[in-house]
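# Below are the sequence and a predicted model for it; my questions follow.
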Amino acid sequence: MQKHILTVLVENRPGVLARIVGLITGRGYNIETLNVGPSNDPTISKMTIVIPGDETVIAQVVAQLAKQINVFRVDDVTARPHIDREAILLKVSTRATGRAPVIEVAMLFGAKVVGVQPDALTIQMIGSQMQVEQFLTLVRPFDVLDIARSGSVAMIQE
């Protein structure tokens, strides 16, 4: 099942986020990640929603979102030229391996050490969903103690 990235421009008002989430989850669809922030217009917020599903499911979600009164625009950017990024913070144990191997993997992905503890490192990494997943695959054997992920943000590149 493919993950689809939707960008949704909505009115920046209380309750809009809850209605959008309720609309999607109420129909039995899962939201993998959700990110909401202000746009260049303070009255409009931009949502980036990652939803797993086939073309039929995504077409239904897009159609339902587009009908909402507080929604100005809905785009499925998955198949269009776009940039998506996710930020991740993770704390990795260095007790068994020392710091050098963890730092080496981090450097391969352009990640930065942002915190040093006696037996752990806190690493920040920013990349596409695929890059974040690849990074996590390589770093998991080092005993990941904690993870915080932002969810994707995306922008069409046309």
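That came in fine, so what should we check first?
# Average pLDDT for the longest strand seen in the chain, rounded please.
Looking across the chain with DSSP state E, the single longest strand is strand 82-93. On average, the pLDDT along strand 82-93 is 96.
# helices and strands around that strand, which ones?
strand 112-117, strand 120-127, helix 129-139, strand 144-149, strand 153-156 (3 or more Cβ pairs under 8 Å, 6 or more residues apart in numbering; DSSP states H and E). Where C-beta positions appear, they are placed from N, C-alpha and C, glycine not excepted.
# so of those, which one's packed in deepest?
Per-stretch averages of neighbours, counted by mean count of other Cβ atoms under 10 Å, single out strand 120-127 among those, with a mean of 19.
# per-residue confidence averaged over it?
Mean pLDDT, computed over strand 120-127, is 97.
# Next, the angle strand 82-93 makes with that strand.
On the basis of axes from the mean of the first three to the mean of the last three Cα atoms, to 10 degrees, strand 120-127 is oriented at 170 degrees to strand 82-93.
# in its sheet, what does strand 120-127 sit against?
Looking at strand 120-127 with DSSP bridges, its partner strands are strand 82-93 (antiparallel), strand 112-117 (antiparallel).
# what comes into contact with the shortest one?
I take that to be strand 112-117. Defining contact as Cβ atoms under 8 Å, 6 or more residues apart in numbering, one finds that strand 112-117 is touched by Leu89, Lys91, Arg99, Ile103, Ala106, Leu121, Thr122, Ile123, Gln124, Met125.
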